[in-house]
Every structure is written in structure tokens, then in C-alpha cells.
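> how would this look folded up:
(one chain, ligands or ions: 1)
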Amino acid sequence: MPEHVVIIGSGPAGFSAAIYAARASLKPLLFEGTATPEMIPLGQLAFTTEVENYAGFPAGNVRAFVESAVDQDRHWNLPPAAEHERDGQPHYAVQGVELMELMKQQALNFGTRVVGEDIAEVDFSGKPLKVITAGGETVESHTVIVATGARANYLGLPSEENFKNRGVSACAVCDGALPRFRDQPLVVVGGGDSAVEEATYLAKFASTVHLVHRRDQLRASQIMQERAMEDPKIDIVWNHTVDEVLGSDADGVTAVRLKSTVDDSSRELPAGGMFLAIGHTPNTDFLKGQLEMNEEGYIQWSQAFRTATSVDGVFAAGDVADDYYRQAITSSGTGCMAALDAERWLAANGL
Ligand code: NAP
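Sure thing, here's the model as predicted:
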């Protein structure tokens, strides 16, 4: 028997869709994915520390709530409670992993089945729809909700590739606390909210953080810009890009070569690490040729404010279909919409 709803992806969109589908007695089957160098289960929020803008989660004693709500056997995945401090004072803004574990728990509580596998390909050419796991198993379903999110971009330099995991990272929150980065000058590339967030986070460990931006104005929101400007450990390097990562096999990254975007000059900047925060690419490689996408690979909704895609019965939610808002809360919103759309599609088709 085909499934009613298969959900691919385990970020806010996937789990919000699962909560709604499970409460509609559709017994959703959710593929959570496995950890890869670019993505981990629970999506990009699992790469984040404090989440201060998800409605309903003001700072408070969130930790006690998280520990009471999330099954004991997943407490190992929660960040250390010590991270709930700011300037030495208790500060219980919910952490990204905690928020995701709460969403996962809520989905499990209503009967979602979560599978820790990747979907390698899909066959949407007929009915029922087919999704094929990395292990080669084919699962049939009447509807599919794609919620696979997006992953971090890199500059594409050979030297950057060479130093990945030896000083080059696209996730300050995952790697920033490593001993190799402590008390070192570090470079963050980018000018958006992510770049400022990463720079602010790294400033806790680094001697200095050079925020290298290719223009003379940040893209980040006003409040984040102010945070960067006010932090004495953050130095903004305007109008430059990194054109080579320098270092050695023994020491990893030791410097970057900066190139001006306004003249022909270049210079070296000593750095023990380089963190990329230059945007994202949607995780749609496994869907090529099966769904309509835009030039950058984001799935296109076939109608505004509806999550239906170019294939009947396939819905898309979260960052995989959103190159504009890309917030946890908007992903949750579209996840809910996709579940409601799938439920209505099933009812309309007598399933
Ligand atoms: P983004 O807003 O697209 O910013 C990407 C930055 O990288 C831009 O400053 C861009 O420069 C720069 N860039 C892109 N390609 C580059 C290249 N090849 N070389 C050098 N620089 C390059 O991405 P984001 O910062 O990841 O943010 C994505 C979304 O998530 C936004 O909606 C943001 O508000 C949200 N977000 C929110 C928070 C928060 O509220 N706490 C935290 C993180 C992210 P240009 O400016 O010149 O284009």
C-alpha cells in the first residue's frame, strides 16, 4: 500500500508539515537524512546557537522546558547547558538544536515515523509517486512534501577546498570553538546576517575577527550591523574578496590573500581560519528533471501562496522553495501549508 504522505527533510518545514499531517491521521513518513559535510539532520538550525526571533520563544528558562519535553534518549544531541549564558549571566534563549528537537518531538508525539536515511532519487513520472532511498529501497506514496532546505556556499577556490576541515569552514557554530581557532585572528567572508552572526559568535573565541565583505555596505539587518560595529573584536574589511587561502599541511590555514574589488591591489591577512557566510544553494540535486525549478535550483510553486509544484501531488516547503525570506518561522509556515495542501489533495482524490 502506498503511503499517504512522505516528507523529505527534517528542518522546520519538514517537522511542521509532519505535525500537521500526523494530527490529520495521515501517519506521515519523514526522511530525516544523514550527516554529510554540508548538511545534518534537523537542518540549518542545527548549525545555529541562540534563536531569538522564533515567535513564542522569548528568553527564559527554556532549557528546563526542553529537557522535560524531549525524550531522554535524544538529550545527547542537546548543546551543553553552559551555552545558555551571556556575559556570565544565565540567558536562556532557545538554541537551534533545542528548537529542532522540540519540533521533532512534537511530530513524534502525534505518530510521525522518522527514518534516518537520505533520499537519493525520485520518480514522479507516474502514480503513485516513488522516492528511492540511498540504500536502494523504493517507497511509494500518494503525496510527497519536499522540505530539503538549502546548504552553505563556498567561494570555489582550490585552496579553500584543500583546507576544508583544516581551518576552512562554513559553520562557525559547529567548528568555531575548536582549539585551532582559539585566540587566533579569523576571517569571515560575507556581508549578510549570517556573516555578522558568525563573526559575533567567533569573537568569543578569536583574538580578532576580520569580516571581509566585497562591497562598502553590509546586507545584514540593522540590528545585526550594529552588533558587528559595536564589537571591539570585529574588524570590517570593506571592498575585498578572498582570492586564496594560504597555509601548510602541518599548520592548516595561516593567512588569506585579499583582493580589492575597487582597484588591483592585493594583500595578505594572517588568519588561523576562514569561515564562509556567502549564501546558500537549495538541496534539489536529487530532483533534477522531475520538478520545475528556477535558475538557481529552487523549486517553483505553481501558484502564489500555494505549495503545489509542477507535479500533481508533490508539494514544497521551506528554504528549498524560498530564496527570499529563508527564516525558520517562514519555513514552519510553509511546512504547515504543504501538509494542509497534501491533506486536501488526498481528500479531493478520494484517498
Ligand atoms: P545573504 O543575505 O544572501 O548574504 C550573503 C552575503 O554574502 C552577501 O553579503 C553577499 O554579498 C555575500 N556574497 C555572496 N556571494 C559571494 C561571493 N562569491 N564572494 C563574496 N561575497 C559573497 O545570506 P545570509 O547572510 O546567509 O542570509 C540568508 C537569509 O537568512 C537572510 O534572509 C537573512 O536575513 C537570514 N538570516 C537571519 C539571521 C538572524 O536574523 N539572526 C541569521 C542568519 C541568516 P552582497 O551583499 O554584495 O550580495
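> show me how the protein divides into domains.
Listed by automatic domain parsing, the domain ranges of the chain are 3-152+280-348, 158-276.
> the shortest one near the ligand at all?
I take that to be domain 158-276. Yes. Using CB under 6 Å from any ligand atom, domain 158-276 reaches the ligand at 189, 190, 191, 192, 193, 194, 195, 197, 214, 215, 219, 241. C-beta coordinates here come from the backbone N, C-alpha and C atoms, glycine included.
> OK, contacts around the fourth one?
Residues near residue 192 by CB atoms under 8 Å, 6 or more residues apart in numbering: 218, 219, 220, 277, 279.
> just checking, which of those belong to strands?
Among these, DSSP state E puts none in strands.
> list the contacts for residue 248?
Residue 248 touches residue 254, counting by CB under 8 Å, 6+ apart.
> gap between the most centrally placed residue in the chain and the ligand?
The centroid of the chain falls nearest to residue 44 when counting by CA atoms, centre = their mean (1.9 Å). Computed as CB to the nearest ligand atom, to the nearest Å, the residue 44 to the ligand distance reads 9 Å.
> just checking, that residue touches residue 9?
No. Residue 44 lies out of contact with residue 9 (CB atoms under 8 Å); the separation is 10.9 Å.
> overlap of the contact sets of these two?
Common neighbours of residue 44 and residue 9 (CB under 8 Å, 6+ apart) are residue 149.
> mind listing what's buried along stretch 306-320?
Of all the residues in stretch 306-320, those buried under the rule 16 or more other CB atoms under 10 Å are 307, 308, 309, 311, 313, 314, 315, 316, 317, 318, 319, 320.
> okay, those in CSV with distance to residue 107 and secondary structure next?
Shown next, in CSV, are those (distance: CB to CB, whole Å; DSSP: H, G, I helix; E, B strand; the rest coil):
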residue, distance to residue 107, secondary structure
307, 18, coil
308, 22, strand
309, 22, coil
311, 24, coil
313, 21, coil
314, 20, strand
315, 17, strand
316, 18, strand
317, 14, coil
318, 14, helix
319, 18, helix
320, 18, helix
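> so where's the stretch 101-250 of the chain shaky on pLDDT?
The stretch 101-250 of the chain contains no residues with pLDDT under 70.
> and the helices in it?
Secondary structure of the stretch 101-250 of the chain (DSSP state H, counting those that start in this stretch): helices at 158-162, 172-175, 193-202, 222-230.
> helices or strands up against the second one?
Using 3 or more CB pairs under 8 Å, 6 or more residues apart in numbering; DSSP states H and E as the contact criterion, the neighbours of helix 172-175 among helices and strands are helix 193-202, strand 273-276.
> how far does it sit from the chain's center?
For helix 172-175, the gap between its own C-alpha mean and the chain's C-alpha mean amounts to 13 Å (CA atoms, centre = their mean, to the nearest Å).
> and it, what's buried?
Within helix 172-175, the residues that count as buried by 16+ other CB under 10 Å are 172, 173, 175.
> can you check the first one too?
Along helix 158-162, these residues count as buried under the neighbour rule (16+ other CB under 10 Å): 159, 160.
> with stretch 149-165 instead?
Of all the residues in stretch 149-165, those buried under the rule 16+ other CB under 10 Å are 149, 150, 151, 152, 154, 155, 157, 159, 160, 163.
> any idea how far residue 278 is from whichever residue of the chain sits closest to the ligand?
Residue nearest to the ligand within the chain (CB to the nearest ligand atom): residue 192, separated by 2.4 Å. In this view, residue 192 and residue 278 are 8 Å apart by CB to CB, to the nearest Å.
> just residue 113 next, same as before
Residue 113 is 36 Å from residue 278, by CB to CB.
> look at the two and report which has more neighbours.
Legend: neighbour count by other CB atoms under 10 Å for residue 113 and residue 278, higher for residue 278 (19 against 15).
> identify the residue spatially nearest to that one, adjacent ones excluded.
Leaving aside its chain neighbours, residue 278 sits nearest to residue 190 (4.6 Å; criterion: CB to CB, 6 or more residues apart in numbering).
> my read: that neighbour touches residue 242, true?
No. Contact between residue 190 and residue 242 fails when scored by CB under 8 Å: they sit 10.5 Å apart.
> overlap of the contact sets of these two?
Shared contacts of residue 190 and residue 242 (CB under 8 Å, 6+ apart): residue 212.
> state the pair within the buried residues of stretch 306-320 that is farthest apart.
313 and 319 (21.6 Å; CB to CB).
> my read: residue 47 touches residue 40, true?
Yes. With contact defined as CB under 8 Å, residue 47 counts as touching residue 40 (7.4 Å).
> show me which residues of the stretch 251-351 of the chain sit near the ligand.
Neighbours of the ligand within the stretch 251-351 of the chain, by CB under 6 Å from any ligand atom: 277, 278, 279, 326.
> isn't the third one right up against residue 154?
No. The criterion here is CB under 8 Å, and residue 279 misses it with residue 154 at 10.3 Å.
> and the nearest residue to residue 35 once chain neighbours are set aside, how many residues sit next to it?
Spatial nearest neighbour of residue 35, excluding adjacent residues (CB to CB, 6+ apart): residue 41 at 6.7 Å. For residue 41, the neighbour count with other CB under 10 Å is 20.
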